[in-house]
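Novice: Sequence below, structure please.
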Amino acid sequence: MSTKIAVIGGTGMNSWPGLDVLARIDADTAYGKPSAPLLRGRVYGVEAIFLARHGEGHKLPPHAINYRANLKALAEAGVQRVIAIAAVGAIAPWFAPGEVAVPDDLIDHTWGREHSYSDGRPGSALAHVEFTHPYTPALREALLAAATVAGVQAGAQGVMAVTQGPRLETPAEIRALQREGSDMVGMTGMPEAALARELGLDYACLAVSVNWAAGLSPAGAGIHDEIHASIEAGMAKVRAILERALPNLA
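Specialist: As a prediction, this is how the structure comes out:
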């Protein structure tokens, strides 16, 4: 049996409260094992798959995640649409901690990650995927419509800068990202989005602002203090959006 919709959870959503788990799938792919077993279950009246991006217990740092295995395992389980949950630092002044946005573009600053299935190995094909819209427009619109129904004010666009991690950025790096036009900064959006595109999966992101990026906190608060104070409020909004979105997507 295939399940059409999957949610990849990250920091702040390493598990999915309310998911009635029907099966734990210990997947194995040509690219290795995914970060954690695929949890197939029912939630909000529909069937969905949950994958903990950082592994069970939230142990895998962003640069060590096997993104290729994660997306391949979902595709092989029959998934067609992927909603990625990402905790990010806010750069744009409109994206205060605790708020949610549905980004529409990204800038990739990662390096050394296995970022493509076109890797030259025997049997692989060379594919120059089109990436004008890194996030699937129709899936983005479905999430924004669900946010409206849920009464959640979600940012309808935004550019995500993806950095290597696991350390947080310096103030000078954030100023450089501002000049590039980035609205938020995370560590896991790539190569996840590009791999989904190579596999033909619809992919969109619910980004949760959990802190002001380095040097931007108007109150001068410590970043980890801001994360602790805002992450659950943002994730509650994510769950409200998913509750309205999933019945129309599964």
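Novice: can you count the residues close to residue 112?
Specialist: 7 (other CB atoms under 10 Å). Placement of C-beta: from N, CA and C, glycine included.
Novice: Helix, strand or coil: sort out residue 22 for me.
Specialist: Going by DSSP: H, G, I helix; E, B strand; the rest coil, the secondary structure assigned to residue 22 is strand.
Novice: And the residue most central in space within the chain, which helix or strand is it part of?
Specialist: The residue lying closest to the centre of the chain (CA atoms, centre = their mean) is residue 84, at 3.0 Å. Residue 84 is located in strand 81-90, with elements delineated by DSSP states H and E.
Novice: which strands and helices sit next to that strand?
Specialist: Where contact means 3 or more CB pairs under 8 Å, 6 or more residues apart in numbering; DSSP states H and E, strand 81-90 is packed against strand 5-9, helix 137-150, strand 184-186, helix 192-198, strand 202-212, helix 223-245.
Novice: how about 7 Å then?
Specialist: Counting contacts by 3 or more CB pairs under 7 Å, 6 or more residues apart in numbering; DSSP states H and E, strand 81-90 is packed against strand 5-9, strand 184-186, strand 202-212.
Novice: any idea which helix or strand of the chain has the worst average confidence?
Specialist: For the chain, the helix or strand with the lowest mean confidence is helix 223-245, at a mean of 88 (criterion: mean pLDDT, DSSP states H and E).
Novice: and that one, C-alpha only, in CSV?
Specialist: C-alpha atoms of helix 223-245 as CSV (Å, rounded to 0.1, in the frame of the first residue of the first chain):
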residue,chain,number,x,y,z
ILE,A,223,19.7,33.0,20.4
HIS,A,224,19.1,29.8,22.4
ASP,A,225,16.8,31.7,24.9
GLU,A,226,14.7,32.9,21.9
ILE,A,227,14.5,29.4,20.5
HIS,A,228,13.3,28.0,23.8
ALA,A,229,10.7,30.7,24.1
SER,A,230,9.3,30.6,20.6
ILE,A,231,9.6,27.1,19.1
GLU,A,232,6.5,25.5,20.6
ALA,A,233,4.3,28.4,19.6
GLY,A,234,5.5,28.1,16.0
MET,A,235,5.1,24.3,15.9
ALA,A,236,1.6,24.6,17.2
LYS,A,237,0.8,26.8,14.1
VAL,A,238,2.5,24.2,11.9
ARG,A,239,0.2,21.4,13.3
ALA,A,240,-2.8,23.6,12.8
ILE,A,241,-1.9,24.1,9.1
LEU,A,242,-1.2,20.4,8.6
GLU,A,243,-4.6,19.5,10.1
ARG,A,244,-6.3,21.6,7.5
ALA,A,245,-4.0,20.8,4.6
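Novice: Would you mind getting the angle between it and strand 202-212?
Specialist: Calculated by axes from the mean of the first three to the mean of the last three CA atoms, to 10 degrees, helix 223-245 forms an angle of 150 degrees with strand 202-212.
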